[in-house]
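K.L.:
Just need the structure, nothing else, for what follows:
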Amino acid sequence: MATSNLSEWDDWSISQLKIVLLGGRNSGKSSVGNLILGKEEFVTKERTSCSRRLGVVAGRWITVVDTPGWWCDFSAGDTSQLVKREIVSSVSLCPPGPHVFLIVIKASSAFSERRRRAVEEHVALLGDEVWSHCMVVFTSADRFLHKGAEECVERGGAALRRLTEKCGQRSHSVVLNEQTEGAALLLKIQNLMSENGNRAFEVEESISQAAAEEKRAVDQRAHLRLIWMKRHRALLKGRLRPITNIRIVLLGAKGSGKTSALNTILSRECHRHLGRTARCQVGEGVKFGRQLTVVDTPGWWMNYFSDESSHFDQREMVLSPSLCPPGPHVFLLTIRVDRAFTETHRRSVQEHVELISEHIWSRVILLFTFGDWLGATTTEQYIESEGTPLQWLVDRCSDRYHVLNSRTKGEGFQVRELIGKIEETMSGCCSSWHYEIEMKVLQEVERRMKREAERVRKRLMKKEQQRRRARAQLGERVSMSLNHFRSVCSEFLTFGCKLLFNREDGASPGAQIDTCWGQESGQKLLWKYHSQHRQFWHILPNYFLHREAGPHLWQEGVGAGHARLPPCDL
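P.N.:
Predicted coordinates for the structure are as follows:
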């Protein structure tokens, strides 16, 4: 970083600069932190906890805090409690408080009104006074695609202009792969600090205390849950029985990672273009000496209850155990860890799972997907952070849970550990070695399928009868139209021949029709045929072309006259 660009720093009345980075996922926050510090300090990957780095730039200490990102279009209510708590806690990592909050936005991404609300809701977690310390930073990965801050705001539309207005029209644009960009950004930060009289932001004491107390309580509860879970697993391991064939049914909401989990368990390549799972699919493979049979089921919408899901999806879920006879050993219930888990989600999960049976919970293992997002956060900390809805679900499954990183495939430890937990679950089920399919439920589904098949058969019969009636009516109309068509064509042909054979010497058929069209009587005659028989004008060429004298007659005479007539709207 060139020191000449930083000579203006000498008149700063403070010895330290504290910066907090805020923004959505993949916005470039960590890279902006590296630009400010002039070196690679932050690892550009997903995290669920704040990361703090210190450095000396032009003789001054700079503290940069990188916060976890949120999904750009998600409201604060849809963001994990873990992320929201870390955003609030970021202030405590640079006491007495940060001087500047940089809201990082990718310049190449469209900025909608929904995205603006998401930014404002997450920043507002720090209090209403935070906006006077905020500045928007646009990031670009390529110099050729780089635009100035003013152009980014103008091209971003009304939503982006509203956000920059809330930040006092303070904005800047950087290219992430050019280290010289840091100097200009720091000078903009200097101007912002001058506006605030070099005063640091201090979060409301009630907010900071609540966040600190919640963090301590979460850590304590997570520690107790981990101890209990280890003791419970130790008891189950003493009852393990050898098994070579494991049957699994995957359940979960749409987008929860069921199919990715299946591919990870069976070490298969993931084909993203296949879309959602519309019907139950069965996958098989051998892992660690066990023959695995995995049934993937259609997912439900996270905010939909069971009666709002289609009857087809409900039936597929109910029938899924029958696809791995005599029955599955366990059910893996997939839950995404990178999204909030609300009471609505909990009720939706409960109702859809209990479509199979209310007694299914003793064989359900929670499979937390997208586990790479957790980073250094433990599974127990995540469970305790999300609150009552998720804790109820974990307790309902008797603390049977596993974290799966879908990016890691092959002979990994995570699949081996999952198989071990499946065997522990089986050893804890004393009633039966596998899930017993309830014949009453299957019989009810079969009766419903028969009723649906009968309704489909009747609907097809009714449709076929309608087609036959339509074809019969069409045949009658075509027959009548053809008879009328013959009489019209005969009269029209007589009229055309009259024009051809009664023309002046040397006059072409086209010229004769032009002459006829120029006379009032000729216009009336042509208009008579056009107005009375307009439905035949577009099909007359075919009639003449299939007569012996037709081609020349149409091309030289009638065709020319037809071209002069008003267009027909059939």
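
K.L.:
Now do the same for Ser481: its pLDDT.
P.N.:
On pLDDT, Ser481 comes in at 63.

K.L.:
Let me see the ranges of the helices in the stretch 101-250 of the chain.
P.N.:
Under the criterion DSSP state H, counting those that start in this stretch, the stretch 101-250 of the chain contains helices at 113-123, 149-156, 158-166, 181-195, 205-237.

K.L.:
in a helix, that's where Thr293 is, yeah?
P.N.:
No: read with DSSP: H, G, I helix; E, B strand; the rest coil, Thr293 is strand and lies in no helix.

K.L.:
Can we start the residue count at 14 from this point?
P.N.:
Sounds good: first residue 14 from here, last item Thr306.

K.L.:
List the residues that contact it.
P.N.:
By Cβ atoms under 8 Å, 6 or more residues apart in numbering, Thr306 lies in contact with Asn258, Ile259, Arg260, Ile261, Val295, Gly296, Glu297, Cys337. Just so you know, the C-beta spots here come from the backbone N, C-alpha and C atoms, and that holds for glycine as well.

K.L.:
same thing but 6 Å
P.N.:
Arg260, Glu297, Cys337 (Cβ atoms under 6 Å, 6 or more residues apart in numbering).

K.L.:
List only buried entries from the residues you listed.
P.N.:
Arg260, Cys337 (16 or more other Cβ atoms under 10 Å).

K.L.:
in the chain, what spans have low per-residue confidence?
P.N.:
14-28, 59, 283-288, 419-424, 443-444, 454, 458, 489-583 (pLDDT under 70).

K.L.:
Now do the domain split for it, please.
P.N.:
17-216, 227-450, 482-577 (automatic domain parsing).

K.L.:
Kindly present the ones you listed as a markdown table, with separate columns for distance to Arg464.
P.N.:
What follows is those, written out as a markdown table (distance: least, Cβ to Cβ, whole Å):
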| stretch | distance to Arg464 |
| --- | --- |
| domain 17-216 | 39 |
| domain 227-450 | 11 |
| domain 482-577 | 27 |
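
K.L.:
Nearest residue to the middle of the protein?
P.N.:
Centroid-nearest residue in the chain: Gly268, 7.8 Å away (criterion: Cα atoms, centre = their mean).

K.L.:
which residues does Ile118 bridge with?
P.N.:
On the basis of DSSP bridges, Ile118 is bridged to Phe151.

K.L.:
Any idea how many residues pack against it?
P.N.:
Neighbour count of Ile118, defined by other Cβ atoms under 10 Å: 27.

K.L.:
I'd like to know how far it sits from Phe214.
P.N.:
Ile118 sits 20 Å away from Phe214, going by Cβ to Cβ, to the nearest Å.

K.L.:
Next, the buried residues of stretch 347-359.
P.N.:
Result for stretch 347-359 [16+ other Cβ under 10 Å]: buried residues Thr347, Ile348, Arg349, Val350, Asp351, Arg352, Ala353, Phe354, Thr355, His358, Arg359.

K.L.:
quick check, nearest of those residues to Trp374?
P.N.:
Proximity to Trp374 was ranked across the buried residues of stretch 347-359 by Cβ to Cβ; first place goes to Arg359, at 13.3 Å.

K.L.:
How about that closest one: what's its closest non-neighbour residue?
P.N.:
Pro402 (3.9 Å; Cβ to Cβ, 6 or more residues apart in numbering).

K.L.:
residues near the one you found, how many?
P.N.:
What Pro402 shows, counting by other Cβ under 10 Å, is a neighbour count of 16.

K.L.:
how about the helices of the stretch 114-263 of the chain, which one is nearest Gly72?
P.N.:
helix 194-208 (12.8 Å).
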